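S.K.: Could you look at this predicted model? Sequence included:
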Amino acid sequence: MLRKAAGKPSLFTVLFMTQMFQSITSHQCGAGIYSIFQKMLRGHTYMTIESQAGTVALECREACHADFRCQSYNIVILNSKCELNNRTKEARPEDFVKDKDRYYMARNSKRIPLGSIPELPAYSCREIKASEGGQSVSGTYWLDSTRSGNSILAHCDMKTEG
């Protein structure tokens, strides 16, 4: 007979929820979205959403798509929480870390490019280049290099480092 400790989910529950989550995300994510199990983007969460067990993947996806600042999100599996991020793992690879209780989800579909609006300023031209990859072009971008909340327009030469 299997028993679980009070207040802690059983191994079966964790495995079941993981399988259910993978099934939901594979059907509902659509093109341009991918998940990475046991990874998270640390330090770029601007909003945390609590959800019901079993609906966190869908609710988090919808919340991210409804908020133009959302670049990616972390899903906390056992707590049914969603963490919306204003960066991607490409923009901040040093903050992409292991976490056994999370999934990282990238939003590529209809994602607003980093630095293209004052509400989503980049820290540097190099960050824009890393975030947008081969699609970044030289031009004027919104930057907040001091992370003060005051963004300014600046020219970025993407042919060099950025």
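M.R.: Thanks, I have the structure now.
S.K.: Alpha carbons only: can I get stretch 69-87 in CSV?
M.R.: Written as CSV, here are the backbone C-alpha positions of stretch 69-87 (Å, rounded to 0.1, in the frame of the first residue of the first chain):
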residue,chain,number,x,y,z
ARG,A,69,6.0,42.6,-22.0
CYS,A,70,6.1,38.8,-21.7
GLN,A,71,9.1,37.3,-23.4
SER,A,72,9.0,33.9,-21.7
TYR,A,73,7.7,32.3,-18.6
ASN,A,74,8.5,29.7,-15.9
ILE,A,75,5.9,27.3,-14.6
VAL,A,76,6.3,26.0,-11.0
ILE,A,77,4.9,22.5,-11.3
LEU,A,78,4.1,21.6,-7.7
ASN,A,79,2.6,25.0,-6.7
SER,A,80,0.7,25.6,-9.9
LYS,A,81,2.3,29.0,-10.3
CYS,A,82,3.3,30.9,-13.4
GLU,A,83,6.2,33.5,-13.5
LEU,A,84,6.1,35.9,-16.5
ASN,A,85,9.6,37.0,-17.6
ASN,A,86,10.6,40.2,-19.5
ARG,A,87,13.6,38.4,-20.9
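S.K.: how many other residues sit next to Lys100?
M.R.: Residues near Lys100, counting by other Cβ atoms under 10 Å, number 10. All C-beta spots, glycine's among them, are computed from the backbone N, C-alpha and C.
S.K.: Now do the same for it: helix, strand or coil?
M.R.: Look at Lys100: counting by DSSP: H, G, I helix; E, B strand; the rest coil, its state is strand.
S.K.: Lys129 too?
M.R.: Following three-state DSSP, the label given to Lys129 is helix.
S.K.: Kindly report the same for Ala57.
M.R.: With three-state DSSP as the basis, Ala57 sits in helix.
S.K.: low-confidence ranges in the protein?
M.R.: By pLDDT under 70, the low-scoring segments of the chain are 1-33, 161-162.
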